[in-house]
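Asks: turn this into a structure:
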Amino acid sequence: MTAAAAPLSRGNTRVKQARALARRSARADRRLFLAEGPKAVAEALTVPACVVEVFATAEAAPTYAGLAAASPRWTVVADDALASLSGTVHPQGVVAVCRFLDRPLAEVLAPTVAPGLVAVCADVRDPGNAGTVIRCADAAGADAVVLAGHSVDPYNPKTVRATVGSLFHLPLAVTPDPAAAVHAAHGAGLTVLAADGSGEVDLDDALDTGLLARPTAWLFGNEAWGLPTDLAALADHRVRIPLHGRAESLNLATAAAVCLYASARARR
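Replies: Take a look at the predicted model:
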């Protein structure tokens with residue numbers, strides 16, 4: 001758009017179409033989602049053909065000139081229009097419309113890819129937990145994340161924010177069948193370790209004996225009820241994190257971070 005053009009209003013058709021992406025059904029139909037904030041937009045722009053359009057306020061536009069130069073379409077909108085696209089109390093002035101990033105499970109866990117570390121989430125419902133697991137997997141150097149079963153939509157705005165840009169860094173697969181994810185992991189040559197508070201293997205022992213040095217897929221369950229017995233039984237081992245204090249358990253995302261970093265240490 002030219003410098004003289006007026007910012008698009010909240011009622012503009014393109015703005016309304018972008019706002020509709022707050023609904024999962026609209027995201028699924030169009031295979032588009034919103035990434036909010038300069039960090040998320042910058043990371044999205046590093047993925048070829050991911051960004052469709054970036055909306056920014058007139059005040060934010062000069063601050064993010066570098067993003068504007070890299071964007072395929074940079075559109076200045078009114079403040080209330082940008083606020084209508086934001087899921088935060090204090091919008092950061094820039095929101096990107098992005099194409100879906102997930103790839104088929106068979107592609108992400110193909111034997112030819114030879115992944116060394118993968119996080120598989122089964123029925124993880126909380127957007128913040130799912131996003132944090134993706135972020136932790138990225139930080140630990142994992143090769144992929146799989147969201148399986150009735151897990152939260154990875155393109156939920158809260159999930160996207162919780163990844164802090166990591167959503168754009170590593171391969172992602174979504175599958176309705178957690179068992180299929182375990183079988184695909186085995187097919188890719190991965191040892192599947194189920195994170196289970198009552199597991200027969202202690203995480204420290206797994207590290208000391210070299211179990212974690214193998215190519216590994218960590219299997220994480222639902223925040224409230226963990227892994228179903230039949231799904232946990234498909235894993236090669238069920239691993240518990242030792243609790244040395246009086247806490248009954250760890251938050252899912254915290255447990256995932258501990259397990260993934262234990263594997264990262266063993267691999268290095």
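Asks: elements contacting the helix or strand harbouring Thr254?
Replies: Using DSSP states H and E, Thr254 falls within helix 252-267. If you count contacts as 3 or more Cβ pairs under 8 Å, 6 or more residues apart in numbering; DSSP states H and E, helix 252-267 packs onto strand 117-122, helix 127-139, strand 191-195, helix 203-208, strand 216-220. All C-beta atoms are positioned from the backbone trio N, CA, C, and that covers glycine.
Asks: what residues sit buried inside the helix or strand Val160 falls within?
Replies: Assessed by DSSP H and E, Val160 sits inside helix 157-163. Buried residues in helix 157-163, counted by 16 or more other Cβ atoms under 10 Å: 157, 159-163.
Asks: give the contact list for the closest residue to Ala257 other than its chain neighbours.
Replies: Excluding its sequence neighbours, the residue lying closest to Ala257 (Cβ to Cβ, 6 or more residues apart in numbering) is Cys136, at 4.4 Å. Counting by Cβ atoms under 8 Å, 6 or more residues apart in numbering, Cys136 touches 119, 253, 256-257, 260-261.
Asks: now render the residues you listed as JSON lines, adding neighbour count and pLDDT.
Replies: Compiled in JSON lines, the contacts of Cys136 are given as follows (neighbours: other Cβ atoms under 10 Å; pLDDT from 0 to 100):
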{"residue": "Ala119", "neighbour count": "27", "pLDDT": "98"}
{"residue": "Ala253", "neighbour count": "22", "pLDDT": "95"}
{"residue": "Ala256", "neighbour count": "26", "pLDDT": "97"}
{"residue": "Ala257", "neighbour count": "19", "pLDDT": "97"}
{"residue": "Leu260", "neighbour count": "25", "pLDDT": "98"}
{"residue": "Tyr261", "neighbour count": "14", "pLDDT": "97"}
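Asks: what's the farthest-apart pair in those?
Replies: With Cβ to Cβ as the measure, no two of the contacts of Cys136 lie farther apart than Ala253 and Tyr261, at 12.4 Å.
Asks: are we agreed that Lys39 is in a strand?
Replies: No - assessed with DSSP: H, G, I helix; E, B strand; the rest coil, Lys39 is helix; it does not lie in a strand.
Asks: where in the chain is pLDDT low?
Replies: 1-4 (pLDDT under 70).
Asks: outline the domain layout of this protein.
Replies: 13-99, 105-267 (automatic domain parsing).
Asks: the shortest one: end-to-end distance?
Replies: Taking Cα to Cα, to the nearest Å, domain 13-99 runs 19 Å from one end to the other.
Asks: what do you get for the last one?
Replies: Using Cα to Cα, one end of domain 105-267 lies 24 Å from the other.
Asks: likewise for stretch 162-172?
Replies: Where stretch 162-172 begins and where it ends lie 15 Å apart, using Cα to Cα.
Asks: and it, how far out from the chain's middle?
Replies: 5 Å (Cα atoms, centre = their mean, to the nearest Å).
Asks: so what's Val108 up against?
Replies: 115, 144, 146, 171-173.
Asks: whoops, Ala22 was the one
Replies: The contact partners of Ala22, by Cβ under 8 Å, 6+ apart, come to 34, 87, 157.
Asks: am I right that the first one falls within a helix?
Replies: No - following the definition three-state DSSP, Leu34 is strand and is not counted among the residues of a helix.
Asks: okay, it and Thr132: tell me how far apart.
Replies: 19 Å (Cβ to Cβ, to the nearest Å).
Asks: any chance of the contacts of Cys136 in TSV with distance to Asn12 as columns?
Replies: What follows is the contacts of Cys136, written out as TSV (distance: Cβ to Cβ, whole Å):
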residue	distance to Asn12
Ala119	39
Ala253	38
Ala256	41
Ala257	42
Leu260	43
Tyr261	46
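Asks: what is the nearest of the residues you listed to Thr57?
Replies: Ala253 (32.2 Å).
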